[in-house]
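S.K.: 3D model of this:
(one chain, ligands or ions: 1)
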Amino acid sequence: MADDPPVPAGDDPPHDDDTPPDGWPAPPGVDPSIPSSARVYDYALGGRNNYAIDRETAEKVFAVAPEMRAMARQNRSFLGRLVRFLSAEAGIRQFLDIGSGLPTQRNVHQVAQEIAPGSRVVYVDHDPVVLRYAEALLATSDTVTAVQADLRRPEEILGHPDVRGLIDSSQPVAVLLVAVLHFVPDEDDPLAAVARLKDAMAPGSHLAVSHVTSELRPVEIGRLVQLSARAGAPWVARDRAQIQRFLDGLEMVDPGLVTAPEWRPEVARSVDPEKMWVYAGVGRKR
Ligand SMILES: C[S@@+](CC[C@H](N)C(=O)[O-])C[C@H]1O[C@@H](n2cnc3c(N)ncnc32)[C@H](O)[C@@H]1O
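M.R.: Just a heads-up that it's a prediction; the model follows:
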């Protein structure tokens with residue numbers, strides 16, 4: 001698509017061969033005639049865990065806002081590079097992926113376990129539909145699990161028996177808040193929720209954030225924010241300074257808070273500021 005940013009080979013989320021083919025029966029409790037934002041996101045990424053209703057919904061959004069597909073790809077590519085960095089360079093062996101979405105392209109446990117088999121991953125999402133898919137799609141394993149909990153209530157996450165069972169709070173952990181904080185409005189005090197998560201992290205832990213920004217393309221993002229509200233999952237697009245505050249108190253990992261494609265790209269490339277939608281950054285707790 002013309003609006004997609006150039007994504008270098010090896011940096012584009014590939015199709016997973018182990019995901020079910022299109023037409024795969026919906027898990028119990030999932031109505032395939034109702035669109036799901038998680039499956040729409042999967043479709044935007046070129047995934048196959050979506051139904052006709054999701055594709056129709058996505059195409060309607062792309063018709064109004066073609067930048068949506070580029071945004072999804074920028075974000076997911078960042079996630080892959082992020083987990084490789086955390087695993088290969090920062091030595092992280094346990095991950096708490098909050099707002100994990102549907103198991104889709106290049107999931108966190110797949111990337112982490114390629115580098116360090118035995119890495120432990122807890123996926124957290126507040127959407128019960130996501131949990132049904134996670135149960136059906138994730139290989140049963142004693143190193144990977146998914147729990148239903150809400151980022152706005154961090155005690156629910158930290159106190160969840162499956163989180164306590166898999167994540168050793170005395171050891172460094174990576175807490176991933178990738179494309180989730182823009183679903184939490186200021187009145188729900190996302191800064192306080194993130195501060196609680198930072199408090200609970202052992203020294204050497206990392207917090208990763210990616211977030212839709214209002215700063216680079218205010219007119220287009222304004223249109224997307226309106227669309228998201230009409231679709232029932234309203235976004236809050238924040239500026240760079242507001243996003244940086246989530247990482248306050250941490251030592252920023254190079255290159256700091258930058259647009260997602262600029263965060264440790266695997267292939268050097270020029271970034272077109274006209275096509276940047278998402279800021280991304282990682283902080284390390286001393
Ligand atoms: C755009 S998806 C991001 C998926 C994945 N993190 C990624 O970046 O590829 C956002 C996910 O956040 C979840 N979410 C939104 N608000 C949440 C909250 N308050 N607590 C937990 N999950 C939330 C949604 O259900 C959705 O699955």
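S.K.: Could you pick out the longest helix of the protein?
M.R.: helix 67-84 (DSSP state H).
S.K.: In terms of secondary structure, what does that helix contact?
M.R.: In terms of contacts (3 or more C-beta pairs under 8 Å, 6 or more residues apart in numbering; DSSP states H and E), helix 67-84 is packed against helix 37-44, helix 52-64, helix 108-115, strand 174-178, strand 206-212, helix 218-230, strand 278-284. The C-beta positions use only the backbone N, C-alpha and C, and glycine is treated the same way.
S.K.: Can you name the residues bridging to Ala208?
M.R.: Leu176, Val282 (DSSP bridges).
S.K.: What is the neighbour count of Glu89?
M.R.: 11 (other C-beta atoms under 10 Å).
S.K.: Confirm for me that Leu102 is in contact with Glu135.
M.R.: No - taking contacts as C-beta atoms under 8 Å, Leu102 lies outside contact range of Glu135: 11.7 Å.
S.K.: Counting neighbours, go ahead and name the busier of those two.
M.R.: For the pair Leu102 and Glu135, the greater number of neighbours falls to Leu102 (28 against 15), based on other C-beta under 10 Å.
S.K.: wait, what's in contact with the more buried one?
M.R.: Contact partners of Leu102, counting by C-beta atoms under 8 Å, 6 or more residues apart in numbering, are Ser36, Ala38, Arg39, Tyr41, Asp42, Gly47, Asn49, Val130, Tyr133, Ala134, Leu137.
S.K.: who touches the spatially closest residue to the last one that is not a sequence neighbour in this structure?
M.R.: I take that to be Leu137. Sequence neighbours aside, Pro103 is the residue nearest to Leu137 in space, at 4.3 Å (criterion: C-beta to C-beta, 6 or more residues apart in numbering). Residues counted as contacts of Pro103 (C-beta under 8 Å, 6+ apart) are Thr19, Asn49, Tyr123, Tyr133, Ala134, Leu137, Leu138.
S.K.: same thing but 10 Å
M.R.: 16, 18-19, 38, 42, 47, 49, 109-110, 123, 130, 133-139, 144, 146 (C-beta atoms under 10 Å, 6 or more residues apart in numbering).
S.K.: buried subset of the residues you listed?
M.R.: 16, 19, 38, 42, 47, 49, 109-110, 123, 130, 133-134, 136-138, 144, 146 (16 or more other C-beta atoms under 10 Å).
S.K.: Can you narrow these down to the ones near the ligand?
M.R.: Applying C-beta under 6 Å from any ligand atom, the subset of the buried ones among the contacts of Pro103 adjacent to the ligand comprises Ala38, Val130.
S.K.: Just the buried ones among the contacts of Pro103: which are in helices?
M.R.: Ala38, Asp42, His109, Gln110, Val130, Tyr133, Ala134, Ala136, Leu137.
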